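Chemist: following is a predicted model, sequence given first.
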Amino acid sequence: MNQKELKELIEFLIEKDIAEFELERGDVKVRIKRAGEHTIVHSQGDPRFFAVPAVPSLAPEVHSAPAAIPAAPAAAPAPKEAQEQFQMVKSPIVGTFYEAPSPGAPPFVKVGDMVEVGQVLCIVEAMKLLNEIESDVAGEIVKKLVSNGQPIEYGQELFAIRPKG
């Protein structure tokens, strides 16, 4: 998607008063959310951000990605070998994380549970659709990295699994 197409898309969304929009074309993913005075547009796979004023006459400005902020060192960092033995289950979509099939029901999995390939780990709700997230590896759930009802992003890590074997 080039800058002209993006500008036309933003102008259309403003004209139709659409507050949030997501588009996926091949390996390019664009999510636009209008709120307050400025809107941040992030294109997956292309590390650029467009700051767009929420007014009809738009001209996206291209900025380089902000520098990563170093995290505070942990009290007892795990050895690199220990971190590498876990398989991370990541969210394939943006949505809301649910650990159980319905309110009051027991969670699909808890820390310490053994899971098989294809076993449902959680649900991610996106646009009123409930998407079951399945394990792609057999092993033990070592850590749940998000809480029930939490909004999650594409690619966000949900679970750490220690593979069997």
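Modeler: Nice, I can see it.
Chemist: only C-alpha atoms from now on, for both contacts and neighbour counts.
Modeler: Fine.
Chemist: after whatever helix or strand Leu130 lives in, which helix or strand is next?
Modeler: Here Leu130, judged by DSSP states H and E, is contained in strand 129-134. Using DSSP H and E, the helix or strand that follows strand 129-134 in sequence is strand 139-144.
Chemist: what does that next one rub up against?
Modeler: 109-116, 158-164 (CA atoms under 8 Å, 6 or more residues apart in numbering).
Chemist: report the buried residues of the strand holding Leu130.
Modeler: Within strand 129-134, the residues scored as buried using 16 or more other CA atoms under 10 Å are 130-131, 133-134.
Chemist: kindly report the same for stretch 100-113.
Modeler: Those would be 100, 109-110, for stretch 100-113 by 16+ other CA under 10 Å.
Chemist: again with stretch 94-101
Modeler: 94-100.
Chemist: so for it, mean pLDDT?
Modeler: What stretch 94-101 shows for mean pLDDT is 94.
Chemist: who touches it?
Modeler: By CA under 8 Å, 6+ apart, stretch 94-101 touches 106-109, 121-127, 146-154.
Chemist: out of the buried residues of strand 129-134, who's nearest Phe86?
Modeler: Glu134 (16.1 Å; CA to CA).
Chemist: list the contacts for that closest one?
Modeler: 117-122.
Chemist: now, the residues you listed that are in strands?
Modeler: Those of the contacts of Glu134 mapping onto strands are 120-122, per DSSP state E.
Chemist: any weak-confidence spans in this protein?
Modeler: 1, 34-84 (pLDDT under 70).
Chemist: parallel or antiparallel, list what pairs with the helix or strand hosting Glu24.
Modeler: If you go by DSSP H and E, Glu24 is part of strand 20-25. Take DSSP bridges as the rule and strand 20-25 pairs in its sheet with strand 28-33 (antiparallel).
Chemist: just list what the longest helix belonging to the chain packs against, helices and strands only.
Modeler: The residue-count maximum for a helix in the chain (DSSP state H) belongs to helix 3-15. Contacting helix 3-15 under the criterion 3 or more CA pairs under 8 Å, 6 or more residues apart in numbering; DSSP states H and E is no other helix or strand.
Chemist: ok and it relative to strand 20-25, angle-wise?
Modeler: Put simply, helix 3-15 runs at 150 degrees to strand 20-25, going by axes from the mean of the first three to the mean of the last three CA atoms, to 10 degrees.
Chemist: in CSV, list the C-alpha atoms belonging to helix 3-15.
Modeler: The C-alpha trace of helix 3-15 is given here as CSV (Å, rounded to 0.1, in the frame of the first residue of the first chain):
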residue,chain,number,x,y,z
GLN,A,3,1.2,6.7,0.6
LYS,A,4,-1.5,7.9,-1.9
GLU,A,5,-3.7,4.9,-1.3
LEU,A,6,-3.3,5.3,2.5
LYS,A,7,-4.2,9.0,2.3
GLU,A,8,-7.3,8.2,0.2
LEU,A,9,-8.3,5.5,2.7
ILE,A,10,-8.0,7.8,5.7
GLU,A,11,-10.0,10.5,3.9
PHE,A,12,-12.7,8.0,3.2
LEU,A,13,-12.8,6.8,6.8
ILE,A,14,-13.1,10.5,8.0
GLU,A,15,-15.8,11.2,5.5
